[in-house]
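Student: just need the structure, nothing else, for what follows:
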Amino acid sequence: MNNTFLTTAILGSLISSTSYAYTVYSTDESSLKVTGRIEARFNVSDANKLSEDGNTEPNNSFDDISRIRGNIDGSTQVTDSIKVFGYYSGEIYSDSSDSKNRYMYVGVGTSYGAFSYGQQDSSQVILTNVTDIMETFGGSASDIITGNEDELENNFVYLAQLPLNMTATVNYVRDDSKGNYSAGGSMFYSAPIGLQLGVGYVSGEQNNLDAEQYNITAAYTLGGVYIGGVYVNGEVDHTDVSGFEIATAYTVNDFIFRYVYNYRTSDFPASQRGEYSVNYNAVEGVYNVTSDFVAYAGYEFNRLDGQANDDQFQAGARYMF
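Tutor: As a prediction, the model looks like this:
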């Protein structure tokens, strides 16, 4: 596979959870594919009794969070070394008829890398994905600042596949209406022996406050055993915030057992600390009923105080197409 195809394939793999696709059309130069999921799921926790203003609403600890998601992936080969592409992903939740845009970007792939613009992941997501492995929980401690997150609007991204299985990603986000802008970059190494290593840094402004973060990640796969970790450290308005995530998984035939631990703390005063405090363990079991149908259940043991941090049970089933 040449670099033009490889870099655009990496962009797609960062956001796609399934290899299944319905091909609308395909020629030697162009293709258009559709994928998606229908997911029935629920969450049970006393935290669901809290309204947006923090008041308790009785008898609603059970929350239906079912959703349907659709993805459109198109590309056209312009020359031997240039490929243009576009991607859209949206979803609708059971409690609303409104569609939420997850990803919406277009770009061009060349032998020197892929350039894209739109709503897409930051350059740090390739690092934080090593611990964001659960169907239910996890991935809560790694994003200290907005510029570290996925699904960012107004996002310019450049991604290049380098020699020795190295992937370099840089991005720039600008959103003056929200007082946010950020620029970041990452390097990610994937060895043939199952080892993955990565580092990244992002800085800018968040709600008109100075913000920065760096990430260090490592993961290893051996047979059916997986373990990954991310360490994060940064500042928001010149106040230190740090944390880490650990994720493990064990696969036996069609069953997957997962465990994560997420932790984050800060030097903010008690009145502001809650926004940056994370401390929980979570376990999960997954059963691949067929190649396109998955059932799962997970439980989160939250170690923080308060009803908003109550333990959670979540379960569901997903059909992929």
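
Student: what's near enough to touch Gly107?
Tutor: Shown in contact with Gly107 (CB atoms under 8 Å, 6 or more residues apart in numbering): Thr8, Leu11, Val84, Phe85, Gly86, Ala114, Phe115, Ser116, Tyr117, Val157. In this view, the C-beta of every residue, glycine as well, is placed from N, C-alpha and C.

Student: how about a cut-off of 7 Å?
Tutor: Going by CB atoms under 7 Å, 6 or more residues apart in numbering, Gly107 touches Phe85, Ala114, Phe115, Ser116, Tyr117.

Student: report all helices and strands that the strand or helix carrying the first one contacts.
Tutor: So the one you mean is Phe85. Following DSSP states H and E, one finds Phe85 within strand 82-93. Applying 3 or more CB pairs under 7 Å, 6 or more residues apart in numbering; DSSP states H and E, we find strand 82-93 packed against helix 3-13, strand 67-79, strand 99-110.

Student: mind running it again at 10 Å?
Tutor: helix 3-13, strand 30-44, strand 67-79, strand 99-110, strand 113-120 (3 or more CB pairs under 10 Å, 6 or more residues apart in numbering; DSSP states H and E).

Student: and Leu159, that's in a strand?
Tutor: Yes - assessed with DSSP: H, G, I helix; E, B strand; the rest coil, Leu159 lies in a strand.

Student: stretch 278-292: which residues count as buried?
Tutor: Val278, Asn279, Tyr280, Asn281, Ala282, Val283, Glu284, Gly285, Val286 (16 or more other CB atoms under 10 Å).

Student: what of stretch 211-226?
Tutor: Ala211, Glu212, Gln213, Tyr214, Asn215, Thr217, Ala218, Ala219, Tyr220, Tyr226.

Student: same deal with stretch 310-319?
Tutor: So stretch 310-319, judged by 16+ other CB under 10 Å, has buried residues Asp310, Gln312, Gln314, Ala315, Gly316, Ala317, Arg318.

Student: confirm for me that the fifth one is in contact with Phe42.
Tutor: Yes - using CB atoms under 10 Å, Gly316 and Phe42 qualify as a contacting pair, with a distance of 6.8 Å.

Student: so what sits against both of the two?
Tutor: Listed as contacting both Gly316 and Phe42 by CB atoms under 10 Å, 6 or more residues apart in numbering are Ile65, Ser66.

Student: now Ala308: closest residue in space that isn't a chain neighbour?
Tutor: Using CB to CB, 6 or more residues apart in numbering and skipping the chain neighbours, the partner closest in space to Ala308 is Ala47 (5.3 Å).

Student: check contacts around Asp175.
Tutor: Thr146, Leu152, Glu153, Asn154, Asn155, Tyr181, Ser182, Glu205.

Student: now those as JSON lines including neighbour count, pLDDT and distance to Phe293?
Tutor: Converted to JSON lines, these look like this (neighbours: other CB atoms under 10 Å; pLDDT from 0 to 100; distance: CB to CB, whole Å):
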{"residue": "Thr146", "neighbour count": "22", "pLDDT": "93", "distance to Phe293": "35"}
{"residue": "Leu152", "neighbour count": "22", "pLDDT": "95", "distance to Phe293": "31"}
{"residue": "Glu153", "neighbour count": "15", "pLDDT": "94", "distance to Phe293": "33"}
{"residue": "Asn154", "neighbour count": "16", "pLDDT": "95", "distance to Phe293": "37"}
{"residue": "Asn155", "neighbour count": "24", "pLDDT": "97", "distance to Phe293": "33"}
{"residue": "Tyr181", "neighbour count": "19", "pLDDT": "91", "distance to Phe293": "42"}
{"residue": "Ser182", "neighbour count": "27", "pLDDT": "96", "distance to Phe293": "39"}
{"residue": "Glu205", "neighbour count": "19", "pLDDT": "93", "distance to Phe293": "44"}
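
Student: which one of those is nearest Val106?
Tutor: Asn155 (12.0 Å; CB to CB).

Student: quickly list what the closest one is bridged to.
Tutor: With DSSP bridges as the criterion, Asn155 is bridged to Gly118, Val173.

Student: ok, it touching Gln124?
Tutor: No - contact status for Asn155 versus Gln124: not in contact, 11.9 Å apart, counting by CB under 10 Å.

Student: shared neighbours of these two, which are they?
Tutor: Gly147, Asn171, Ser182.

Student: in strands, which of the contacts of Asp175 appear?
Tutor: Leu152, Glu153, Asn154, Asn155, Tyr181, Ser182, Glu205 (DSSP state E).

Student: from Phe301, how far out is the fourth one?
Tutor: Here the distance between Asn155 and Phe301 works out to 35 Å (CB to CB, to the nearest Å).

Student: and the first one, by the same measure?
Tutor: Shown here: Leu152 relative to Phe301, a distance of 31 Å by CB to CB.

Student: ditto for the second one
Tutor: Distance check for Glu153 against Phe301: by CB to CB, it reads 34 Å.

Student: most neighbours out of the contacts of Gly107, which is it?
Tutor: Ala114 (26 neighbours; other CB atoms under 10 Å).

Student: if I look at that one, what pLDDT would I see?
Tutor: Looking at Ala114, its pLDDT reads 97.
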